[in-house]
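1. Fold the following and give me the result.
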Amino acid sequence: MAIGVLLGFLALHPPGWLRALGPFRYAAMAAVVLLLLVGFVALLIASNLPADVKMVPSQASLPPGMVSLEGEFRALGFVPVGPPLEVGTAPPALVQAFVHDEARAYGTVFRTGTLPARVAFDCFSLLAGGRGGLSSGAERGGAVLPAGPGSLSQIIPGASVARLFAVHRRALEFLCVRGLVARPVSAATFETDFRNGLARQRRSFLRAPLRSAVIAIWRTATRTTPHLGPIEGQRVAQRQLRFLLTGAGA
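-> Purely as a prediction, here's the structure:
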């Protein structure tokens, strides 16, 4: 918030060295502010995707919002993989992870360390052979970064845990028919799979950090995402499927 106020002040009060530009100094300062904003967001994203994220079991009780979602996951056959985890992103997050062996899916309920804190949930599965993965969430903010090759995502705004899981399973069936099968998952493999997922996101981001930051800013400001709805109807998902099936650029 403080950074936003500072950038806004600079845009309205250009420094003296820009006076030589006359009335164009405001446009020049706006361009400088935009570059600073993109750079700041890129640094923020990089800090949220650390090269070696720390995951420490937490002894704290889950807050009420997470407890309610935990019950919804359990009712669908998900089993906790262990105690909640303090995940060392920036800001840190409290994560309760679940696994559904039969569906070959993980689920997570998490609370962000932001002010105010936000509680959300998602499901994700991994494709056999390390070819990619599928994530499903109910928050538009969960898909502001551009997806890396082989990464499929579907956002179902406002969905309950039960509805989101149903959409996730239908997407897995859609992929299976096309020869893309989800690999088995287990409580023992969750932490490794979670770390690997963050590492893939980090590699994808670092290939074009400024471009990724611009896309994240635009999607956040406009509340848009190309991953809205089931993957069957997404244009971006069709490109990812071509990559997964043929190796062509995603």
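
2. after whatever helix or strand W218 lives in comes which helix or strand?
-> Assigned by DSSP states H and E, W218 belongs to helix 209-222. Going down the chain from helix 209-222, the next helix or strand is helix 235-246, by DSSP H and E.

3. Summarise which helices and strands the helix holding W218 is packed against.
-> helix 25-48 (3 or more C-beta pairs under 8 Å, 6 or more residues apart in numbering; DSSP states H and E). Using the backbone N, CA and C atoms, a C-beta is placed for each residue, glycine as well.

4. Quick check: mean pLDDT of the helix it packs on?
-> The average pLDDT within helix 25-48 is 75.

5. Name the residues of the next helix or strand after it that are buried.
-> Tracing the chain C-terminally past helix 25-48 and defining elements by DSSP H and E, one meets strand 55-57 next. Neighbour-count burial for strand 55-57, counted by 16 or more other C-beta atoms under 10 Å, picks out M55.

6. Kindly report the same for stretch 189-205.
-> The neighbour-count check on stretch 189-205 (16+ other C-beta under 10 Å) flags 189-190, 193-194, 197-198, 200-202, 204-205 as buried.

7. how close does the residue lying closest to P209 once chain neighbours are set aside sit to G142?
-> Using C-beta to C-beta, 6 or more residues apart in numbering and skipping the chain neighbours, the partner closest in space to P209 is A42 (4.6 Å). A42 sits 19 Å away from G142 when distances are taken as C-beta to C-beta, to the nearest Å.

8. of these two, who's got more company?
-> A42 (21 against 17; other C-beta atoms under 10 Å).

9. Was I right to think that one contacts R211?
-> No: if you go by C-beta atoms under 8 Å, A42 and R211 don't touch, sitting 9.4 Å apart.

10. would you list every one of the helices in the chain?
-> Counting by DSSP state H, the chain has helices at residues 2-12, 25-48, 64-75, 161-177, 190-207, 209-222, 235-246.

11. from those, which stretch is densest packed?
-> helix 161-177 (a mean of 18; mean count of other C-beta atoms under 10 Å).

12. pLDDT of it, averaged?
-> 98.

13. Next, the angle from that helix to helix 64-75.
-> Relative orientation of helix 161-177 versus helix 64-75 (axes from the mean of the first three to the mean of the last three C-alpha atoms, to 10 degrees): 50 degrees.
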